[in-house]
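Colleague: give me a model of this one.
(chains A, B, C and D)
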2 protein chains.
Amino acid sequence: MKYIEKLRNSGLRPTKQRLQICEVLFDTEKTFHFTINDLANKIKKQLNNKISLATVYNTVHAFEKKGYLKQIPINSNQTYFDTNVSDHHHFYDLKDEKLIDLETSEVGPIKILKQIDGKKIKSVEVLVKLED
Amino acid sequence: MKYIEKLRNSGLRPTKQRLQICEVLFDTEKTFHFTINDLANKIKKQLNNKISLATVYNTVHAFEKKGYLKQIPINSNQTYFDTNVSDHHHFYDLKDEKLIDLETSEVGPIKILKQIDGKKIKSVEVLVKLED
DNA sequence: TTCTAGTTTATAACGATTCTAAAAAAGTGT
DNA sequence: ACACTTTTTTAGAATCGTTATAAACTAGAA
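Modeller: As a prediction, this is how the structure comes out:
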(Lines give C-alpha, C1' and ligand atoms only; values in the text may rest on other atoms or scores of the structure.)
Protein backbone atom coordinates (compact mmCIF):
# COMPACT_ATOMS: atom_id res chain seq x y z
CA MET A 1 0.00 0.00 0.00
CA LYS A 2 1.34 3.36 -1.03
CA TYR A 3 -0.12 5.23 1.94
CA ILE A 4 1.51 3.15 4.66
CA GLU A 5 4.79 4.96 4.28
CA LYS A 6 3.17 8.32 4.06
CA LEU A 7 1.32 7.80 7.31
CA ARG A 8 4.30 6.31 9.13
CA ASN A 9 6.50 9.17 8.05
CA SER A 10 4.14 11.62 9.64
CA GLY A 11 3.87 9.67 12.86
CA LEU A 12 0.41 8.28 12.22
CA ARG A 13 -0.14 4.57 12.54
CA PRO A 14 -1.36 3.12 9.26
CA THR A 15 -4.59 1.66 10.52
CA LYS A 16 -7.20 0.08 8.31
CA GLN A 17 -9.51 3.06 8.70
CA ARG A 18 -6.85 5.64 7.89
CA LEU A 19 -5.74 3.74 4.82
CA GLN A 20 -9.31 3.48 3.60
CA ILE A 21 -9.85 7.17 4.13
CA CYS A 22 -6.63 7.84 2.21
CA GLU A 23 -8.00 5.84 -0.70
CA VAL A 24 -11.21 7.82 -0.80
CA LEU A 25 -9.42 11.13 -0.43
CA PHE A 26 -6.32 10.71 -2.52
CA ASP A 27 -6.92 7.91 -5.07
CA THR A 28 -8.66 10.30 -7.41
CA GLU A 29 -7.74 12.02 -10.62
CA LYS A 30 -8.98 15.37 -9.43
CA THR A 31 -8.87 17.04 -6.06
CA PHE A 32 -12.19 17.87 -4.45
CA HIS A 33 -13.99 19.73 -1.70
CA PHE A 34 -15.96 17.97 1.00
CA THR A 35 -17.60 18.17 4.39
CA ILE A 36 -17.22 15.47 7.02
CA ASN A 37 -20.66 14.26 6.14
CA ASP A 38 -19.86 14.08 2.44
CA LEU A 39 -16.82 12.04 3.27
CA ALA A 40 -18.63 9.65 5.58
CA ASN A 41 -21.19 8.97 2.86
CA LYS A 42 -18.53 8.53 0.23
CA ILE A 43 -16.78 5.99 2.41
CA LYS A 44 -19.97 4.05 2.94
CA LYS A 45 -20.76 3.94 -0.76
CA GLN A 46 -17.30 3.58 -2.22
CA LEU A 47 -15.94 1.07 0.26
CA ASN A 48 -19.22 -0.49 1.31
CA ASN A 49 -17.97 -0.15 4.80
CA LYS A 50 -18.88 2.13 7.65
CA ILE A 51 -16.28 4.00 9.62
CA SER A 52 -17.40 5.61 12.84
CA LEU A 53 -18.13 9.30 12.47
CA ALA A 54 -15.78 10.08 15.35
CA THR A 55 -12.98 8.36 13.46
CA VAL A 56 -13.71 10.35 10.35
CA TYR A 57 -13.49 13.55 12.37
CA ASN A 58 -10.29 12.42 14.07
CA THR A 59 -8.68 11.38 10.83
CA VAL A 60 -9.60 14.47 8.89
CA HIS A 61 -8.22 16.66 11.63
CA ALA A 62 -5.07 14.57 11.87
CA PHE A 63 -4.58 14.82 8.11
CA GLU A 64 -5.19 18.53 8.18
CA LYS A 65 -2.62 19.01 10.91
CA LYS A 66 -0.12 17.07 8.81
CA GLY A 67 -0.88 19.19 5.77
CA TYR A 68 -2.66 16.54 3.70
CA LEU A 69 -5.89 18.51 3.77
CA LYS A 70 -6.83 22.15 3.99
CA GLN A 71 -9.78 23.80 5.60
CA ILE A 72 -11.57 26.27 3.37
CA PRO A 73 -12.46 29.53 5.10
CA ILE A 74 -16.11 30.06 4.36
CA ASN A 75 -19.26 30.67 6.34
CA SER A 76 -21.40 27.61 6.41
CA ASN A 77 -22.89 25.46 9.12
CA GLN A 78 -20.49 22.74 8.06
CA THR A 79 -16.74 22.87 7.71
CA TYR A 80 -15.38 22.42 4.20
CA PHE A 81 -12.12 20.69 3.43
CA ASP A 82 -10.04 20.51 0.29
CA THR A 83 -7.81 17.71 -0.95
CA ASN A 84 -6.00 20.32 -3.01
CA VAL A 85 -3.38 21.54 -0.58
CA SER A 86 -1.47 23.73 -3.00
CA ASP A 87 -1.80 27.48 -2.53
CA HIS A 88 -4.97 28.46 -4.29
CA HIS A 89 -8.23 30.31 -3.94
CA HIS A 90 -11.96 29.70 -4.29
CA PHE A 91 -15.10 30.87 -5.94
CA TYR A 92 -18.20 30.35 -3.86
CA ASP A 93 -21.46 30.12 -5.74
CA LEU A 94 -23.93 31.59 -3.28
CA LYS A 95 -26.97 30.15 -5.00
CA ASP A 96 -25.81 26.57 -5.47
CA GLU A 97 -23.59 26.66 -2.38
CA LYS A 98 -20.77 25.19 -4.40
CA LEU A 99 -17.05 25.79 -4.26
CA ILE A 100 -14.87 26.09 -7.35
CA ASP A 101 -11.09 26.21 -7.33
CA LEU A 102 -9.33 29.36 -8.46
CA GLU A 103 -5.65 28.83 -9.04
CA THR A 104 -3.09 31.39 -7.95
CA SER A 105 -2.12 31.74 -11.59
CA GLU A 106 -5.67 32.88 -12.28
CA VAL A 107 -5.39 35.70 -9.77
CA GLY A 108 -2.88 38.45 -10.26
CA PRO A 109 -0.15 38.70 -7.63
CA ILE A 110 -1.47 39.91 -4.29
CA LYS A 111 0.51 42.49 -2.37
CA ILE A 112 -0.17 42.90 1.30
CA LEU A 113 1.01 46.40 2.14
CA LYS A 114 0.20 46.31 5.83
CA GLN A 115 2.33 44.64 8.47
CA ILE A 116 1.35 43.42 11.90
CA ASP A 117 4.06 43.69 14.55
CA GLY A 118 5.55 40.40 15.63
CA LYS A 119 3.48 38.41 13.19
CA LYS A 120 4.25 36.93 9.86
CA ILE A 121 1.97 35.92 7.05
CA LYS A 122 1.16 32.24 6.93
CA SER A 123 -1.26 32.26 4.04
CA VAL A 124 -3.28 34.53 1.79
CA GLU A 125 -6.62 33.18 0.71
CA VAL A 126 -9.12 34.79 -1.62
CA LEU A 127 -12.80 33.99 -1.62
CA VAL A 128 -14.77 35.22 -4.62
CA LYS A 129 -18.50 35.12 -4.07
CA LEU A 130 -20.62 34.53 -7.15
CA GLU A 131 -24.21 35.45 -7.91
CA ASP A 132 -26.36 35.06 -11.03
CA MET B 1 -33.47 58.94 17.42
CA LYS B 2 -31.26 58.86 14.38
CA TYR B 3 -31.84 55.18 13.68
CA ILE B 4 -35.62 55.33 13.41
CA GLU B 5 -35.45 56.65 9.88
CA LYS B 6 -32.77 54.23 8.86
CA LEU B 7 -34.80 51.26 10.01
CA ARG B 8 -38.07 52.54 8.51
CA ASN B 9 -36.40 53.15 5.19
CA SER B 10 -35.31 49.56 5.02
CA GLY B 11 -38.71 48.20 5.95
CA LEU B 12 -37.81 47.28 9.50
CA ARG B 13 -40.02 48.54 12.29
CA PRO B 14 -38.01 50.64 14.70
CA THR B 15 -38.64 48.62 17.84
CA LYS B 16 -37.01 49.32 21.18
CA GLN B 17 -34.75 46.30 20.82
CA ARG B 18 -33.60 47.13 17.31
CA LEU B 19 -32.84 50.71 18.26
CA GLN B 20 -30.83 49.55 21.24
CA ILE B 21 -28.89 47.14 19.10
CA CYS B 22 -28.24 49.96 16.64
CA GLU B 23 -26.77 52.02 19.45
CA VAL B 24 -24.40 49.27 20.48
CA LEU B 25 -23.40 48.49 16.92
CA PHE B 26 -23.20 51.88 15.29
CA ASP B 27 -22.74 54.53 18.01
CA THR B 28 -19.02 53.94 18.07
CA GLU B 29 -16.02 55.79 16.78
CA LYS B 30 -14.53 52.69 15.25
CA THR B 31 -16.07 49.73 13.50
CA PHE B 32 -15.57 46.35 15.12
CA HIS B 33 -15.86 42.60 14.75
CA PHE B 34 -18.15 40.51 16.91
CA THR B 35 -19.94 37.23 17.40
CA ILE B 36 -23.57 36.99 18.48
CA ASN B 37 -22.38 36.15 21.95
CA ASP B 38 -20.07 39.14 22.10
CA LEU B 39 -22.95 41.33 21.09
CA ALA B 40 -25.38 39.87 23.62
CA ASN B 41 -22.85 40.52 26.39
CA LYS B 42 -22.14 44.01 25.18
CA ILE B 43 -25.84 44.79 25.22
CA LYS B 44 -26.21 43.50 28.75
CA LYS B 45 -23.28 45.55 30.02
CA GLN B 46 -23.64 48.69 27.97
CA LEU B 47 -27.41 49.03 28.23
CA ASN B 48 -27.92 47.19 31.50
CA ASN B 49 -30.71 45.46 29.77
CA LYS B 50 -31.17 41.97 28.47
CA ILE B 51 -32.47 41.30 24.98
CA SER B 52 -33.50 37.76 24.17
CA LEU B 53 -30.83 35.80 22.34
CA ALA B 54 -33.33 34.93 19.63
CA THR B 55 -33.93 38.61 19.03
CA VAL B 56 -30.23 39.29 18.78
CA TYR B 57 -29.93 36.57 16.15
CA ASN B 58 -32.97 37.83 14.27
CA THR B 59 -31.78 41.41 14.34
CA VAL B 60 -28.24 40.69 13.29
CA HIS B 61 -29.48 38.65 10.37
CA ALA B 62 -32.00 41.30 9.42
CA PHE B 63 -29.27 43.96 9.52
CA GLU B 64 -26.96 41.78 7.50
CA LYS B 65 -29.61 41.27 4.84
CA LYS B 66 -30.07 45.02 4.66
CA GLY B 67 -26.35 45.57 4.31
CA TYR B 68 -25.73 47.17 7.72
CA LEU B 69 -23.50 44.30 8.75
CA LYS B 70 -21.22 41.86 6.98
CA GLN B 71 -20.39 38.29 7.77
CA ILE B 72 -16.70 37.54 7.79
CA PRO B 73 -15.76 34.33 5.99
CA ILE B 74 -13.60 32.45 8.42
CA ASN B 75 -13.57 29.00 9.99
CA SER B 76 -14.59 29.19 13.58
CA ASN B 77 -17.26 27.56 15.67
CA GLN B 78 -18.92 30.96 15.87
CA THR B 79 -19.98 33.32 13.11
CA TYR B 80 -18.15 36.63 13.00
CA PHE B 81 -19.76 39.86 11.89
CA ASP B 82 -18.29 43.22 11.02
CA THR B 83 -19.82 46.65 11.45
CA ASN B 84 -17.44 47.82 8.74
CA VAL B 85 -19.47 47.17 5.61
CA SER B 86 -17.11 48.84 3.18
CA ASP B 87 -15.17 46.54 0.86
CA HIS B 88 -12.18 45.40 2.81
CA HIS B 89 -10.20 42.38 3.91
CA HIS B 90 -8.94 40.75 7.10
CA PHE B 91 -5.95 39.45 8.89
CA TYR B 92 -6.65 36.52 11.14
CA ASP B 93 -4.26 35.98 14.00
CA LEU B 94 -4.33 32.21 14.43
CA LYS B 95 -2.82 32.27 17.89
CA ASP B 96 -4.96 34.97 19.49
CA GLU B 97 -7.97 34.17 17.30
CA LYS B 98 -8.33 37.85 16.53
CA LEU B 99 -9.41 39.63 13.39
CA ILE B 100 -7.76 42.78 12.10
CA ASP B 101 -9.05 44.92 9.25
CA LEU B 102 -7.03 45.18 6.08
CA GLU B 103 -8.24 47.96 3.83
CA THR B 104 -8.48 47.49 0.09
CA SER B 105 -5.96 50.32 -0.25
CA GLU B 106 -3.52 48.17 1.72
CA VAL B 107 -3.82 45.32 -0.77
CA GLY B 108 -2.73 45.76 -4.34
CA PRO B 109 -5.50 45.51 -6.95
CA ILE B 110 -6.79 41.97 -7.33
CA LYS B 111 -7.42 40.62 -10.78
CA ILE B 112 -9.62 37.59 -11.19
CA LEU B 113 -8.62 36.06 -14.51
CA LYS B 114 -11.09 33.18 -14.47
CA GLN B 115 -14.75 33.48 -15.35
CA ILE B 116 -17.61 31.21 -14.41
CA ASP B 117 -20.37 30.89 -17.02
CA GLY B 118 -23.59 32.60 -16.11
CA LYS B 119 -22.23 33.96 -12.87
CA LYS B 120 -20.92 37.32 -11.90
CA ILE B 121 -18.64 38.35 -9.10
CA LYS B 122 -20.40 39.71 -6.05
CA SER B 123 -17.41 40.22 -3.82
CA VAL B 124 -13.73 39.45 -3.47
CA GLU B 125 -12.51 38.87 0.05
CA VAL B 126 -8.98 38.19 1.20
CA LEU B 127 -8.12 36.43 4.43
CA VAL B 128 -4.51 36.69 5.54
CA LYS B 129 -3.62 34.21 8.26
CA LEU B 130 -0.95 35.30 10.71
CA GLU B 131 1.43 33.28 12.84
CA ASP B 132 4.24 34.29 15.19
C1' DT C 1 -59.67 52.27 20.27
C1' DT C 2 -59.47 48.37 17.51
C1' DC C 3 -57.42 45.55 14.26
C1' DT C 4 -53.64 43.29 11.84
C1' DA C 5 -49.20 42.16 10.75
C1' DG C 6 -44.76 42.22 12.48
C1' DT C 7 -41.76 41.47 16.57
C1' DT C 8 -40.09 39.62 20.87
C1' DT C 9 -39.58 36.03 24.03
C1' DA C 10 -38.46 31.72 26.55
C1' DT C 11 -37.81 27.43 25.55
C1' DA C 12 -37.52 23.41 22.73
C1' DA C 13 -35.40 21.39 18.85
C1' DC C 14 -31.71 20.70 15.78
C1' DG C 15 -27.29 19.55 13.95
C1' DA C 16 -22.36 19.76 13.67
C1' DT C 17 -18.68 18.72 16.44
C1' DT C 18 -16.28 17.03 20.55
C1' DC C 19 -15.88 14.10 24.58
C1' DT C 20 -15.85 9.70 27.04
C1' DA C 21 -14.65 5.34 28.45
C1' DA C 22 -14.31 0.82 26.98
C1' DA C 23 -12.89 -2.44 23.34
C1' DA C 24 -9.75 -3.30 19.59
C1' DA C 25 -5.56 -2.97 17.09
C1' DA C 26 -0.72 -1.65 16.37
C1' DG C 27 3.89 -1.61 17.71
C1' DT C 28 7.78 -3.46 20.71
C1' DG C 29 10.38 -6.56 23.17
C1' DT C 30 10.87 -11.32 24.60
C1' DA D 1 3.73 -16.60 19.14
C1' DC D 2 3.08 -14.09 23.45
C1' DA D 3 2.75 -10.43 26.77
C1' DC D 4 2.67 -5.59 27.43
C1' DT D 5 2.12 -0.67 26.33
C1' DT D 6 0.32 2.86 23.61
C1' DT D 7 -2.53 4.45 20.11
C1' DT D 8 -6.77 4.16 17.76
C1' DT D 9 -11.53 3.10 17.05
C1' DT D 10 -16.10 3.07 18.45
C1' DA D 11 -20.97 4.07 19.92
C1' DG D 12 -23.16 6.92 22.35
C1' DA D 13 -23.51 10.91 25.34
C1' DA D 14 -22.56 15.67 25.89
C1' DT D 15 -21.80 20.29 24.20
C1' DC D 16 -22.75 24.40 21.99
C1' DG D 17 -24.04 27.58 18.32
C1' DT D 18 -28.00 28.40 15.86
C1' DT D 19 -32.88 27.96 14.33
C1' DA D 20 -37.77 26.85 15.05
C1' DT D 21 -42.03 27.31 17.74
C1' DA D 22 -45.95 29.23 19.57
C1' DA D 23 -47.70 32.46 22.69
C1' DA D 24 -47.51 37.26 24.34
C1' DC D 25 -46.62 41.81 22.95
C1' DT D 26 -46.16 46.10 20.04
C1' DA D 27 -46.19 49.26 16.13
C1' DG D 28 -48.70 51.34 12.75
C1' DA D 29 -53.00 52.12 10.37
C1' DA D 30 -57.92 52.65 10.06
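Colleague: okay, and the most far-flung residue of chain A relative to its centre sits in which element?
Modeller: Within chain A, the residue lying farthest from the chain centre (C-alpha atoms, centre = their mean) is A:Asp117, at 29.9 Å. Counting by DSSP states H and E, there is no helix or strand that carries A:Asp117.
Colleague: any low-confidence regions in chain A?
Modeller: For chain A, applying pLDDT under 70 flags the ranges A:1.
Colleague: phi, psi for the residue of it found nearest DNA strand C please.
Modeller: As assessed by C-beta to the nearest atom of the strand, DNA strand C sits closest to A:Thr79 within chain A, at 3.3 Å. Any C-beta I mention is one placed from the backbone N, CA and C, and that applies to glycine too. Per-residue torsions, A:Thr79: phi -90, psi 130 (degrees, to the nearest 10).
Colleague: shouldn't it be in contact with A:Lys70?
Modeller: No - A:Thr79 is beyond contact range of A:Lys70, at 11.2 Å (criterion: C-beta atoms under 8 Å).
Colleague: can you check what angle separates the lengthiest strand in chain A from strand B:120-131?
Modeller: In chain A, assigned by DSSP state E, the strand with the most residues is strand A:120-131. Here strand A:120-131 points in a direction 160 degrees away from that of strand B:120-131 (axes from the mean of the first three to the mean of the last three C-alpha atoms, to 10 degrees).
Colleague: contacts for strand A:120-131?
Modeller: With contacts defined as C-beta atoms under 8 Å, 6 or more residues apart in numbering or on different chains, strand A:120-131 is touched by A:73-74, A:87, A:89-95, A:102, A:107, A:110, A:112, B:73, B:94, B:110, B:112, B:116, B:119-132.
Colleague: same deal with stretch A:64-76?
Modeller: Against stretch A:64-76 from outside (C-beta under 8 Å, 6+ apart): A:10, A:12, A:25-26, A:33, A:60, A:63, A:79-85, A:90, A:92, A:97, A:99, A:125, A:127, B:71-75, B:79, B:127.
Colleague: ok, back up a step: just the buried residues of the contacts of strand A:120-131.
Modeller: A:73-74, A:89-93, A:102, A:107, A:110, A:112, B:73, B:110, B:112, B:119, B:124-130 (16 or more other C-beta atoms under 10 Å in any protein chain shown).
Colleague: middle-most residue in chain A, spatially?
Modeller: Centre of chain A computed as the mean C-alpha position; nearest residue by C-alpha atoms, centre = their mean is A:Asp82, 2.3 Å away.
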